[in-house]
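A.B. asks: Starting from these lines, generate the structure:
(chains A, B and C)
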Amino acid sequence: MSRNQIVRDAAGIKDFLAKVSNAPFLALDTETSGLDPHQDTLLLIQFGTADEQVLVDAQAVDAQALTPIFEHDRVVVMHNASFDLKMLENHYGPLLGLAQANIADTLAGEQLLRNGRKSDVVMQGFSLKALAERYAGMELDKSVRQGFYGIESIDDLSDSELFYAERDVEATWKIFAEQLPELRKEGLLRIAGLEGQAQYAFAELELKGCPVDVDSWRALMSDAQTQRGEARRALDTHFWDVADRDLFGGTTLNYNDDEQVMDALARLGLRLPNTRKEVLLATGHPAASALVNYREHQKLVSTYGEGFLAHVHGKTGRLHPRFRASGAITGRASCSEPNLQNIPAQSQFRACFRVPPERRLITADYVGAELRIIADQSGEPFFLKAIAQGQDLHALVATRLFGRKVSKTENPELRARAKAINFGLAYGMGSGGLAEQLGCRLHEAEQLLMAYFKAFPKVKAFLETSAEEGLRRGYVSTVGGRKYWLTDMRREGRDEGSLRRVAKNMPIQGTNADMIKLAMSRIVRRFRASAIDAFLVNMVHDELVVESAAQDADKALRAVEQEMMSAGAEFVKQVPMAVEAAIGESWEH
DNA sequence: GAGGCACGCGCC
DNA sequence: AAACGGCGCGTGCCTC
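C.D. replies: Purely as a prediction, here's the structure:
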């Protein structure tokens, strides 16, 4: 290993590609001085096969030199591709053509293969090191990586560090070579392809980040803090006679400590099984509702206060969360640091996610996605017809169930009941849960469910078949072919009811995830292909948020709508999907 | 001081 | 009233 194996120009890259032109795919990895593309440096790009690798000085080459690597007829395999894509995109810009590249991901592949059955193999996690050991018998010494942190140029890298960089390529290549037949055997090739193609979209989400108006947000949190103070004083008056008092006219109770709160409530005569909101409100006691009120403001201040704002990036002034493309076992994405998938839905909060006047935000939702999936998968004629005619399904179901005219204005309480069942279905809800949800008697909920399934037998059949098949085969799957094995749940001793609910829910929730991931990958490609100045800034399970230049907003909206619809049509065949999209300056709907 | 757990609650 | 699916985060409390 010597320094002259480092390539610093387009010719070197071309020569190497010619040498490996017969390889079915190439593996690629990068070395960076840190994890933050806006802060840290891309040092090395290494790629190749199991036998031959090349190191590219990232600082010495331009996008033009690298484009041949990512031509669409070549599969480029990475481990946790969104990270490398993020660093590459930031360093070279859209010229590199990453949005159109044909990406495969060994991390995504492994997650698909092991989803719900981690306990089948000796797992050391999903790191490249762990997979290299298990699939290729290779020892990767990750301590070497420490050497890259803070480095500015590859001239500072030692031979052992360069050797390590090459070994990562070799390992990634070998892992993918082993995963491929496994994926094929399990029928996971299609979904693995979809996951690979979605990596760039997730990289874009993280890299571009989400715009937030910090001053407006802080003002909301300041209000919450004030109201939390008032709420705490109100609580003190309620508990004054049953608690110790401090020197400042308050009680010594810590209202954040459920045990203390439960004891204090008991002294007021309220003996509760827990201190959940519904249980507190059901008592009708003023101290209980005061506690609910306090908690609401406390939640805002703690979860969405300074800790949240600490994630605003010093250089970009935006939020750059981490998205895990398959963070949920159902195939849904998850988001953290900060989580942009649980921002309060009230408009004053969403309104803080705002762009300057020359920019626009486009919000686009799948309308009733899960219900449409249920309709499609079950083939329930009543559902299919109502959706095809664009009618209000909740209202129609209510009319059918209760024998009375129901719409959003006539008997809306009956519509709400039908809606509760329609939603609950996807979660495998039983009569107990429904009674809780509706605040009615158990036997009333039982009768309601019976009437529902009698009216819509194919819905019942679909859900029960999911549960039965899941238990029999040991796994459930989505329309996109994603699988979820019940192996780990069984080993954890989860009861059958729990398994059945998961088996009912995963195909629905997971198909929704398949669908929006395909939409995302098509949208980002379309933006590039059509030279639309727009990019993704958030995704919340069945909703996408896109930022665009004001003059491109109409085109961006049409692209988002069309791609969401066409992606939906690949998974939901019997009914049309519906997308509600709007252009604005904030995330407010 | 770090890590893990239970709880409660924000979202879909 | 543990039993409605999937997440991440803050708090309090525990152990090490």
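A.B. asks: Name the residues of the stretch 1-150 of chain A found near DNA strand C, please.
C.D. replies: Taking Cβ under 7 Å from any atom of the strand, no part of the stretch 1-150 of chain A reaches DNA strand C. (Glycine included, C-beta is placed from N, CA and C.)
A.B. asks: For the stretch 1-150 of chain A, which segments count as strands?
C.D. replies: Listed in chain order, the strands of the stretch 1-150 of chain A (DSSP state E, counting those that start in this stretch) span A:6-7, A:25-32, A:42-48, A:53-57, A:75-78, A:102-105.
A.B. asks: Those: which one's closest to DNA strand B?
C.D. replies: Closest to DNA strand B of those, according to Cβ to the nearest atom of the strand: strand A:25-32, at 23.0 Å.
A.B. asks: Packing partners of that closest one?
C.D. replies: Applying 3 or more Cβ pairs under 8 Å, 6 or more residues apart in numbering; DSSP states H and E, we find strand A:25-32 packed against strand A:42-48, strand A:75-78, helix A:81-92, helix A:159-185.
A.B. asks: so can I have a markdown table of these showing mean neighbour count and mean pLDDT?
C.D. replies: Shown next, in a markdown table, are these (neighbours: other Cβ atoms under 10 Å; pLDDT from 0 to 100):
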| stretch | mean neighbour count | mean pLDDT |
| --- | --- | --- |
| strand A:42-48 | 23 | 96 |
| strand A:75-78 | 24 | 98 |
| helix A:81-92 | 24 | 98 |
| helix A:159-185 | 19 | 93 |
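A.B. asks: Might you report the residue contacts of A:Val214?
C.D. replies: By Cβ atoms under 8 Å, 6 or more residues apart in numbering, the contact list for A:Val214 reads A:Leu309, A:Val312, A:Gly317.
A.B. asks: how about a cut-off of 10 Å?
C.D. replies: The contact partners of A:Val214, taken as Cβ atoms under 10 Å, 6 or more residues apart in numbering, are A:Leu309, A:Val312, A:Gly317, A:Arg318, A:Leu319, A:Cys352.
A.B. asks: Packing partners of the host helix or strand of A:Gly307?
C.D. replies: Element membership for A:Gly307, per DSSP states H and E: helix A:306-309. If contacts are counted by 3 or more Cβ pairs under 10 Å, 6 or more residues apart in numbering; DSSP states H and E, helix A:306-309 sits against helix A:214-239, helix A:286-303.
A.B. asks: Of all those helices, which one is nearest DNA strand C?
C.D. replies: If we rank those by Cβ to the nearest atom of the strand, the stretch that ends up nearest is helix A:286-303, at 3.1 Å.
A.B. asks: what inclination does that closest one have with respect to helix A:214-239?
C.D. replies: Taking axes from the mean of the first three to the mean of the last three Cα atoms, to 10 degrees, one finds that helix A:286-303 is oriented at 150 degrees with respect to helix A:214-239.
A.B. asks: Can helix A:286-303 be said to contact DNA strand C?
C.D. replies: Yes. Helix A:286-303 comes into contact with DNA strand C (Cβ under 7 Å from any atom of the strand), by way of A:Ser302, A:Thr303.
A.B. asks: Which positions in that helix come out as buried?
C.D. replies: A:Ala287, A:Ala288, A:Ser289, A:Ala290, A:Leu291, A:Asn293, A:Tyr294, A:Arg295, A:His297, A:Gln298, A:Leu300, A:Val301 (16 or more other Cβ atoms under 10 Å).
A.B. asks: isn't the last one right up against A:Gln225?
C.D. replies: Yes. A contact is recorded between A:Val301 and A:Gln225 when judged using Cβ atoms under 10 Å, the distance being 5.3 Å.
A.B. asks: hmm, back to that, right, and the helix or strand after the helix holding A:Gly307?
C.D. replies: Taking DSSP H and E, what comes next after helix A:306-309 is strand A:322-324.
A.B. asks: so does that following strand get close to DNA strand C?
C.D. replies: Yes. Using Cβ under 7 Å from any atom of the strand, strand A:322-324 reaches DNA strand C at A:Arg324.
A.B. asks: Give me every residue in contact with the helix or strand that that strand is followed by, excluding its own residues.
C.D. replies: Next in sequence after strand A:322-324, counting helices and strands by DSSP H and E, comes strand A:334-336. Under the criterion Cβ under 10 Å, 6+ apart, residues A:202, A:205-206, A:311, A:321-328, A:341-342, A:538-541 lie in contact with strand A:334-336.
A.B. asks: next one: stretch A:150-160
C.D. replies: Contacts for stretch A:150-160 (Cβ under 10 Å, 6+ apart): A:1-3, A:6, A:8, A:31-34, A:40-41, A:43-44, A:55-60, A:141, A:144, A:147-148, A:161-162, A:164-165.
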